[in-house]
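Asker: Quick one: sequence plus predicted model below, questions after.
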Amino acid sequence: MKNLVFATNNPHKIAEVKAIIGPDFAIRSLQDIGCHEELPETTDTIPGNALQKAQYVYDHYGVDCFAEDTGLEIEALGGAPGVHTAYYAGPQRSAVDNYNLVLSQLQGQSNRRAQFRTVIALILGGKVFTFEGIAPGHIAEQPAGEGGFGYDPVFIPDGYDQPFANLPYEVKNSISHRAKAMQGLLSFLAKL
């Protein structure tokens, strides 16, 4: 079994990635390597933030690792919240505040098209590789469901009539933006 450091301490993301990645890899978190500081996310792009976090861990802890950054991009809002997805409604990073702000901004809008976009930056031996996953869908009129995290109660993926928060964990993990980016990463690692 190979070890991979996932540059996050978000327990929801760690659980999701562990379920996607399966038994071939042992996922280690930032906490597992003794990294307790907040990783920088100061670029203005999703790929830039993913690379910035991975580079920070590689430079400061000397381990090969991967980091991801995810954004919800809504057509009617010009791609917002995008890179600001986690703290769209303020520095408290409240998922409920974030999706309630989105719902209020979309009130009366007929175009509710959106997509989740994940970019994974992998650093192996100092070389950088990136992988992207996109889940197209739309924003619901109101939140529903108790599962998932973040905007999952309001994001309905294409081909489904329920938001991510109402879908079984296995279904979400097979169609999500993060799952698609992880499949790209896994395919790449399998060739090494």
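Answerer: Happy to help now that I have it. Numbering: from 1, shown residues only.
Asker: Please make it C-alpha for all contacts and neighbour counts, starting now.
Answerer: Will do.
Asker: Tell me the spacing between the spatially most central residue of the chain and residue 156.
Answerer: Nearest residue to the geometric centre of the chain (CA atoms, centre = their mean): residue 70, 3.7 Å. Distance from residue 70 to residue 156, counting by CA to CA, to the nearest Å: 16 Å.
Asker: which residues of the protein score low on pLDDT?
Answerer: Scanning the chain for pLDDT under 70 picks out the ranges 1.
Asker: All the strands of it, in order from the start?
Answerer: 2-6, 25-28, 65-74, 81-82, 113-124, 127-139, 155-157 (DSSP state E).
Asker: Tell me which residues of the second one come out buried.
Answerer: The neighbour-count criterion (16 or more other CA atoms under 10 Å) identifies 27-28 as the buried residues of strand 25-28.
Asker: Can I get that strand in CSV, CA atoms only?
Answerer: In CSV, the C-alpha atoms belonging to strand 25-28 read as follows (Å, rounded to 0.1, in the frame of the first residue of the first chain):
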residue,chain,number,x,y,z
PHE,A,25,-3.4,4.0,-1.1
ALA,A,26,-3.2,5.1,2.5
ILE,A,27,-4.2,8.7,2.7
ARG,A,28,-2.4,10.8,5.3
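Asker: does the residue nearest to residue 68 when sequence neighbours are not counted have beta-bridge partners, and which?
Answerer: Among residues not flanking residue 68 along the chain, residue 120 sits closest, at 4.2 Å (CA to CA, 6 or more residues apart in numbering). For residue 120, the beta-bridge partners under DSSP bridges are residue 68, residue 131.
Asker: start the count at 22, not 1, going forward
Answerer: Will do, 22 is the new start, and the previous item becomes residue 141.
Asker: Residue 141 reaches residue 152, doesn't it?
Answerer: Yes - using CA atoms under 8 Å, residue 141 is in contact with residue 152, at 5.1 Å.
Asker: circling back: pull the number of nearby residues for the residue nearest to residue 89.
Answerer: As a burial measure, residue 141 scores 27 neighbours (other CA atoms under 10 Å).
Asker: quick one: it from residue 122, how far?
Answerer: As for residue 141, its distance to residue 122 is 27 Å (criterion: CA to CA).
Asker: same question, residue 140
Answerer: Residue 140 sits 24 Å away from residue 122, taking CA to CA as the criterion.
Asker: So for these two, which residue has more residues nearby?
Answerer: Legend: neighbour count by other CA under 10 Å for residue 140 and residue 122, higher for residue 140 (26 against 14).
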